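**Student:** I would like to see how this sequence folds:
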Amino acid sequence: FWGIDGVPPEFGREVFPPDWDRSKDFLENAIRRVPLLGRLGIKMVYNAPTSRTPDHAPLIGPVPGLPNFFIAAGFAAGVMQAAASRLAAEWLAEGEPSLDPGSVDVRRYGSYATKAFAYAVVRAGHKFAGAVDYPYGERGSARPGKTSALHERHKSARAVFGARNGWEVPLWFAPDGMDATERPRFGRPNWFDAVARECRALAAHAGLLDRSSLAKFEVSGPGAASLLDRLSAARLPVRIGDVAIAPFLTEQGGIAALFTMARMAPDRFLLAAPPEFETRDYDHLARTLPKDGSVALKNMSARNGILLLAGPRAARILSRLTTADLSTPAFPWGTARSLRLGNAEVFAIRFNQTGEDGFELYHRLDAQLTLHDALLAAGVESGLAAIGLRAHDALSLECGHPTRGIDFGLKSHPAEAGLERYVDYDKPDFVGRHAALSNRAAAAQLCRLLIDAGDSDAYLNDAVFDGNLAVTLVGSGGYGYRLGQSLALAALPAHLAAAGTVLSIEILGERRPATVLPPATHGEPQLGEAIGRPPTAHK
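**Tutor:** The predicted structure follows:
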């Protein structure tokens with residue numbers, strides 16, 4: 001390591017003295033592979049500093065909080081990453097690059113990515129350089145970063161954790177007698193059966209999941225409704241308690257952000273998004289604020305927690321903690337209410353992506369332990385089980401819900417992202433409307449695929465074939481525990497998107513038959529209307 005506290009101002013392109021001792025093992029390995037090197041000899045070892053970021057990818061794009069300030073730095077591989085200069089130039093000159101910059105966007109990191117974090121991750125990364133990158137692998141260094149109030153509770157319940165935007169999140173819970181450790185491999189992972197039990201428990205009874213890692217923003221003020229209506233491609237929630245799934249588009253018609261949006265008051269809205277996009281989404285919203293001060297933006301991500309209670313017995317469990325009417329007519333699917341649950345005040349949204357009834361319970365973090373314990377106690381007779389993120393994602397995959405950053409990104413059309421049902425093209429004006437309409441006919445369609453996968457499921461970027469022609473790549477892939485089948489999502493050309501189309505997916509070098517499924521039915525807002533239907537997506 002060199003220059004950790006800053007590169008000296010006088011440093012230019014100097015090189016350091018050759019370090020033959022440190023290079024010895026590498027040079028000997030090179031000579032064993034290419035014996036000619038040993039006969040010709042090695043004339044010079046070039047020793048100079050290069051940049052490192054925690055994921056070894058560059059940092060490019062607008063810097064949050066600094067108007068008109070861009071960065072293009074962190075190039076570990078020098079000329080090998082030269083194409084990034086085009087991306088940076090397009091971003092500067094045209095406001096949006098021609099490729100999705102998500103993997104190099106400087107805003108992919110949050111406040112957890114301190115100097116100490118970067119040092120620890122880069123140091124560990126060198127140890128594993130060239131190691132096999134197994135599916136579902138989790139970074140082990142520089143953890144924990146951020147923890148919810150429930151972290152010790154989860155540890156006691158034998159949770160296995162992953163990291164999402166610095167937050168420690170329970171991925172699954174190890175049953176008694178099983179090692180609470182993930183052991184990455186190709187093929188079905190060691191947590192397969194444990195996650196199956198969690199999925200079955202939620203689908204039959206109820207499950208409780210800590211979703212506090214989600215990004216949470218409050219947009220308020222006299223100009224809030226007007227601003228969000230212009231940014232959102234979905235119809236704005238009209239009444240207090242209305243909820244919408246709201247894609248925000250770019251000027252070129254791609255997906256800039258995707259929020260769950262709830263109207264809390266006439267001039268106050270709650271927006272929630274995946275944790276990995278907290279910094280990007282906050283910066284995107286902040287750059288749109290009017291200069292007259294009519295809209296205020298607060299990042300509530302570190303202040304508020306979310307507990308997801310889902311399953312056919314979810315309402316029964318909640319009813320033991322409140323006198324409020326939780327019947328469907330009084331509290332329809334896809335609406336929100338303020339509730340008092342025992343001693344905790346919550347903002348409850350009757351919505352989730354598991355395909356079962358359920359409630360997202362937003363609350364202050366200082367009330368989290370009280371709320372969590374009250375829910376567990378109320379759910380004992382109803383078979384309530386703790387579940388992790390892996391079970392949630394498997395249930396969501398069955399429903400056909402796309403995952404941002406995996407199934408779609410900045411350059412995806414709403415149809416390619418599986419989000420077109422949320423876009424109200426009849427709205428007279430919203431950002432990206434003209435471009436989205438112009439590209440609508442040519443867009444691919446996000447489809448669910450049922451796979452005869454054997455004992456290995458499809459994974460991100462596995463190739464999808466029509467005959468011998470590779471036509472697209474898999475986004476989300478995994479096992480549907482309710483269906484008992486392997487599934488994947490992929491954006492298919494329109495002529496292949498019809499239900500029943502037979503394709504194949506290459507999984508671990510072997511072509512496996514895959515059939516396009518009909519579109520899932522969703523219990524979510526259609527073009528901004530109230531959701532108003534029970535979830536049946538998995539059926």
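**Student:** Could you give me the buried positions within the worst-scoring helix or strand of the chain on mean pLDDT?
**Tutor:** Ranked by mean pLDDT, DSSP states H and E, the weakest helix or strand in the chain is helix 115-127, scoring a mean of 88. Residues of helix 115-127 classed as buried by neighbour count (16 or more other CB atoms under 10 Å): 117, 118, 119, 121, 122, 125. (Glycine included, C-beta is placed from N, CA and C.)
**Student:** got it, and stretch 172-191?
**Tutor:** Quick answer for stretch 172-191 (16+ other CB under 10 Å): 172, 173, 174, 180, 182, 189, 191.
**Student:** Any chance you could list what contacts that stretch?
**Tutor:** 134-138, 154, 157-160, 171, 194-195, 197-198, 386-391, 455-457, 479, 508 (CB atoms under 8 Å, 6 or more residues apart in numbering).
**Student:** 10 Å instead, please
**Tutor:** By CB atoms under 10 Å, 6 or more residues apart in numbering, the list of residues contacting stretch 172-191 from outside reads 132-138, 140, 154-155, 157-162, 171, 192-195, 197-198, 385-391, 453-457, 459, 479, 486, 507-508.
**Student:** Start and end of it, how far apart?
**Tutor:** End-to-end distance for stretch 172-191: 8 Å, by CA to CA, to the nearest Å.
**Student:** what do you get for stretch 330-339?
**Tutor:** One end of stretch 330-339 sits 13 Å from the other (CA to CA).
**Student:** Ok, stretch 135-154 next?
**Tutor:** End residues of stretch 135-154 are separated by 24 Å (CA to CA).
**Student:** Same check on stretch 23-42?
**Tutor:** Stretch 23-42 has an end-to-end distance of 12 Å (CA to CA).
**Student:** Can you name the residues in contact with it?
**Tutor:** With contacts defined as CB under 10 Å, 6+ apart, stretch 23-42 is touched by 20, 45, 46, 47.
**Student:** how far out from the middle of the chain is it?
**Tutor:** Counting by CA atoms, centre = their mean, to the nearest Å, stretch 23-42 is centred 44 Å from the centre of its parent chain.
**Student:** mean confidence score for that stretch?
**Tutor:** The average pLDDT within stretch 23-42 is 93.
**Student:** Buried residues, that stretch. List them.
**Tutor:** Under the neighbour-count criterion of 16+ other CB under 10 Å, stretch 23-42 has nothing buried.
**Student:** what does stretch 374-394 give?
**Tutor:** 374-376, 378-379, 382, 384-394.
**Student:** so which helix or strand takes in residue 438?
**Tutor:** When secondary structure is defined by DSSP states H and E, residue 438 falls within helix 433-439.
**Student:** who does the next helix-or-strand element following that helix pair up with?
**Tutor:** Following helix 433-439 in sequence order, the next helix or strand is strand 445-451 (DSSP H and E). Strand 445-451 sits in its sheet next to strand 485-492 (antiparallel), strand 510-516 (antiparallel), going by DSSP bridges.
**Student:** buried ones in the longest one?
**Tutor:** Across strand 485-492, burial judged by 16+ other CB under 10 Å covers 486, 487, 488, 489, 490, 491, 492.
**Student:** what stretches of the stretch 1-150 of the chain score poorly on pLDDT?
**Tutor:** 79 (pLDDT under 70).
**Student:** can you pull out the helices in it?
**Tutor:** 20-33, 35-40, 84-94, 115-127 (DSSP state H, counting those that start in this stretch).
**Student:** May I see the ones you listed arranged in JSON lines, with distance to residue 287 as well?
**Tutor:** Converted to JSON lines, these look like this (distance: least, CB to CB, whole Å):
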{"stretch": "helix 20-33", "distance to residue 287": "45"}
{"stretch": "helix 35-40", "distance to residue 287": "52"}
{"stretch": "helix 84-94", "distance to residue 287": "13"}
{"stretch": "helix 115-127", "distance to residue 287": "26"}
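**Student:** Closest to residue 517 out of the buried residues of strand 485-492?
**Tutor:** Nearest to residue 517 out of the buried residues of strand 485-492 is residue 487 (CB to CB; 8.1 Å).
**Student:** and that closest one, how far is that from residue 92?
**Tutor:** Remark: distance between residue 487 and residue 92 (CB to CB, to the nearest Å) = 40 Å.
**Student:** again with residue 285
**Tutor:** 21 Å.
**Student:** So which of these two has more stuff around it?
**Tutor:** Per other CB atoms under 10 Å, whichever of residue 285 and residue 92 has more neighbours is residue 285, with 21 against 14.
**Student:** Just to check, the more buried one is in contact with residue 217?
**Tutor:** Yes. Taking contacts as CB atoms under 10 Å, residue 285 lies within contact range of residue 217: 6.4 Å.
**Student:** which residues do these two both contact?
**Tutor:** 259, 271, 297, 299.
**Student:** which ones are touching the first one?
**Tutor:** Taking CB under 10 Å, 6+ apart as the criterion, residue 259 is in contact with 215, 217, 219, 228, 231-232, 234, 244-248, 269-274, 277, 281, 285.
**Student:** pLDDT score assigned to residue 181?
**Tutor:** At residue 181, pLDDT is 94.
**Student:** same thing with residue 510?
**Tutor:** You'll see residue 510 listed with a pLDDT of 96.
**Student:** so what's it up against?
**Tutor:** 453, 454, 456, 504.
**Student:** What of residue 458?
**Tutor:** Counting by CB under 10 Å, 6+ apart, residue 458 has contacts 135, 449, 451, 464, 473-479, 486-490, 505-508, 512, 514.
**Student:** How about residue 45?
**Tutor:** Counting by CB under 10 Å, 6+ apart, the residues that residue 45 touches are 15, 17, 18, 19, 20, 22, 23, 24, 26, 27.
**Student:** which residues in the stretch 101-250 of the chain form strands?
**Tutor:** 159-164, 167-173, 206-210, 215-220, 243-249 (DSSP state E, counting those that start in this stretch).
**Student:** Just read off the phi/psi values of residue 469.
**Tutor:** Phi and psi for residue 469, reported as degrees, to the nearest 10, are phi -100, psi 120.
**Student:** so which of the helices of the stretch 1-150 of the chain gets nearest residue 519?
**Tutor:** If we rank the helices of the stretch 1-150 of the chain by CB to CB, the stretch that ends up nearest is helix 84-94, at 34.0 Å.
**Student:** CA atoms of the closest one as PDB?
**Tutor:** The C-alpha trace of helix 84-94 is given here as PDB (Å, rounded to 0.1, in the frame of the first residue of the first chain):
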ATOM      1  CA  ALA A  84     -14.400   4.100 -19.600                       C
ATOM      2  CA  SER A  85     -13.200   7.500 -21.000                       C
ATOM      3  CA  ARG A  86     -16.000   7.200 -23.600                       C
ATOM      4  CA  LEU A  87     -18.500   6.500 -21.000                       C
ATOM      5  CA  ALA A  88     -17.400   9.500 -18.900                       C
ATOM      6  CA  ALA A  89     -17.400  11.800 -21.900                       C
ATOM      7  CA  GLU A  90     -20.900  10.800 -22.900                       C
ATOM      8  CA  TRP A  91     -22.100  11.200 -19.300                       C
ATOM      9  CA  LEU A  92     -20.700  14.700 -19.200                       C
ATOM     10  CA  ALA A  93     -21.800  15.800 -22.700                       C
ATOM     11  CA  GLU A  94     -25.100  14.100 -23.000                       C
END
